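Enquirer: sequence and predicted structure, then a few things I'm wondering about:
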Amino acid sequence: MNTPTREASGLDILDKADAALVALEAEGSLAVSELAAAVGEPVSSTYRLLRALVSAGWVDHAAQRGRYRLGLAFMRIGSLVEDQLDIRAVALPAMRHARDVTGMGVSLWVRRGARAACIERVDGEDVRSRDIRLGDSLPLLGGAGPSVLLAYLPASERDALLTDATGDSVPPVVDEPGRRRSAATAADPVDLDAVRTRGVAVAPSVVTPGFGSAAAPVLNHRGEIEASLAVSGLMAHLDSNESRVIDVVREAAASASAELGWVGESRG
Amino acid sequence: MASAPGNRVLANAAALVELLAVTGPLNAAAIAERLGVARSSVYRLVEGATAIGFTETSADARVGLTTRFLRLADAAAGALTEWSGAERVLQRVADRTHQTVFLSVLRGDESVCVAWARGRGIDLLSLRPGRALPLYAGAAGRSILAQSSDALDDVLAGAPFEPFTAATLTSAAALADDVRSSREQGFTLSDEDVTAGIGAIAVPIPCAGAVASISAGGLAEEIRADREDILVELRRAALDLAAVHGRDRAEG
């Protein structure tokens, strides 16, 4: 990938295009002289570059005369790329890794209205980790996975849902035959602010006494909560190994977030 | 720079991005076939696109677009400064009507959605920010068509139109009638002409220097039942959006 080859083949124009796009992404809109400086080319050849970029749809004329901005085409391309991101497929390698490291069951939760639904699960070594089943749905205040979903919502949405989650408008979960339910959550609600500060929630299971989960947020490219990734097992085991399990669940969730385009606080 | 080979590379790179956006990851052979370029050119093109963070190659040797496009999409939406402040107006309509509300603009021979506020049934709707629809289908597109005499002749010349559903207008005569009735009533109704079971109402935004519409979409039966209430909200919002647009032009 040496420079003479790239120039001879015309590939250097992609580097120039990239420089222009980076500058426009940072500034919103720019005049030709500013773009010329960003690209490192004279104004005359920057005009030629811009013509090519406009015809590619990557750059548009801005609302103000003589200025340029990123092309509307990127909105369409971005929405298509977003459609192709399958959160389950994206999170599965990280979930398997977390299971291999801890031997515990790993589950992926997304919000559905005022409830949390389990959309993917990797079994742990302990049979009883089948505590959580695919398609299970819990109130947002139920257990670590759902609590993380609630904790990372914008404050206004969280408050609205909290009213729902604790009020009468949401019907209580109906116990299923053969599954016991502990009263832990209702009596001992998860501290949502602490969850945000720590980046992880640890809570007893609402389904099986003695069981619990540690969960961390999966964030999209805007830093918005998309899902939570939970590692579940015996609460005693979670407690004794808490720090290690917490590191594993944080890393697994961060790795899934990176696959969704999250690049961390510095860019967000 | 921006030499003839450079322009060809850029055009090929844009075609590569378009292709992968629609198909998802492909291997080099499939890309070469779909783009009609030599395999060796595909390798070089992908190398260049990967160097600028546009593409990545998976373990199974398929080339896909990176999540950089998610950030570029957000930046492109943010650069539409003439519409900054529009979301608040759209959200108000969504809150009051419970329908999903869209701001769409004319671009070339399509209407492109540039902003939205989600109502209750978002998963049902085909329109989203960045998405385009032809001007003969959907409330937003036909409303925009009714505002643009230039586009109208071109679009009518393209008849018959490819139908989305049994309700899609496919003949020039039917579309011309629709444009006439949109202009007379001041709104455009979509009754399952893009997606079965889905309806929408669009109202033109009276702003200089842009052809744009605001529309509310959702379940066709709800749209039919609440038509008058939705129209009141859309008309008020259209005036607010015209003011939003005019403010930016005054500053620019």
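Expert: Everything's here; your move. Residues are numbered from 1 along each chain as shown, chains lettered A, B, ... in the order given.
Enquirer: would you confirm that A:A227 contacts A:I87?
Expert: Yes: applying Cβ atoms under 8 Å as the test, A:A227 and A:I87 come out as touching, 5.6 Å apart. To be clear about C-beta, it is placed using only N, CA and C from the backbone, and glycine gets the same treatment.
Enquirer: and for these two, which residues touch both?
Expert: Common neighbours of A:A227 and A:I87 (criterion: Cβ atoms under 8 Å, 6 or more residues apart in numbering or on different chains): A:108, A:110, A:119, A:218, A:256.
Enquirer: got a pLDDT number for A:G178?
Expert: A:G178 is assigned 36 on the pLDDT scale.
Enquirer: with A:G113 instead?
Expert: At A:G113, pLDDT is 82.
Enquirer: that one: how many residues sit nearby?
Expert: 11 (other Cβ atoms under 10 Å in any protein chain shown).
Enquirer: buried members of the shared contacts of A:A227 and A:I87 into PyMOL, please.
Expert: The buried subset of the shared contacts of A:A227 and A:I87, as determined by 16 or more other Cβ atoms under 10 Å in any protein chain shown, is captured in PyMOL by this line:
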select buried, chain A and resi 108+110+119+218+256
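Enquirer: and which of the shared contacts of A:A227 and A:I87 is nearest chain B?
Expert: For the shared contacts of A:A227 and A:I87, the minimum distance to chain B (Cβ to the nearest Cβ) is 12.2 Å, reached by A:A256.
Enquirer: returning to what we had before: so for A:A227 and A:I87, which residue has more residues nearby?
Expert: A:A227 (29 against 18).
Enquirer: not counting residues beside it along the chain, what's closest to A:A254?
Expert: Excluding the flanking residues, the one nearest A:A254 by Cβ to Cβ, 6 or more residues apart in numbering or on different chains is A:A216, at 7.5 Å.
Enquirer: so which strand or helix has the one you found?
Expert: strand A:211-219 (DSSP states H and E).
Enquirer: what's the residue in the stretch 101-250 of chain A positioned nearest to chain B sitting at in phi/psi?
Expert: With Cβ to the nearest Cβ, the shortest gap between the stretch 101-250 of chain A and chain B falls at A:H221, namely 4.2 Å. Main-chain torsions, A:H221, degrees, to the nearest 10: phi -60, psi -20.
Enquirer: and the nearest residue to it once chain neighbours are set aside, what element?
Expert: The spatially closest residue to A:H221, leaving aside those adjacent along the chain, is A:G261, at 3.2 Å (Cβ to Cβ, 6+ apart). Of the helices and strands defined by DSSP H and E, none includes A:G261.
Enquirer: which ones are touching A:G261?
Expert: Contacts for A:G261 (Cβ under 8 Å, 6+ apart) come out as A:220-221, B:67-68, B:70-71.
Enquirer: and the two most separated of those?
Expert: Farthest-apart pair in the contacts of A:G261 is A:N220 and B:R68; separation 13.8 Å (Cβ to Cβ).
Enquirer: okay, those two: which has more neighbours?
Expert: Just comparing A:N220 and B:R68: by other Cβ under 10 Å the higher neighbour count belongs to B:R68, 22 against 18.
Enquirer: the closest residue to the more buried one other than its chain neighbours: neighbouring residues, count only.
Expert: The spatial neighbour of B:R68 that comes closest, neighbours along the chain excluded (Cβ to Cβ, 6+ apart), is B:G53 at 4.9 Å. Counted with other Cβ under 10 Å, residues neighbouring B:G53 total 14.
Enquirer: element containing whichever residue of the stretch 51-200 of chain A sits closest to chain B?
Expert: When scored by Cβ to the nearest Cβ, the stretch 51-200 of chain A has A:G78 as its residue closest to chain B, at 2.3 Å. For A:G78, the host element (DSSP H and E) is helix A:73-84.
Enquirer: following that helix, which helix or strand shows up next?
Expert: Downstream of helix A:73-84, the next assigned helix or strand under DSSP H and E is helix A:87-102.
Enquirer: list the buried residues of that next one.
Expert: A:87, A:90-92, A:94-95, A:97-99, A:101-102.
Enquirer: cool, stretch A:205-225 as well?
Expert: Buried residues in stretch A:205-225, counted by 16+ other Cβ under 10 Å: A:205-208, A:211-221, A:225.
Enquirer: and that stretch, how far from the chain's centre?
Expert: 12 Å (Cα atoms, centre = their mean, to the nearest Å).
Enquirer: re earlier: show me the shared contacts of A:A227 and A:I87 that map onto helices.
Expert: Within the shared contacts of A:A227 and A:I87, residues falling in helices by DSSP state H are A:A256.
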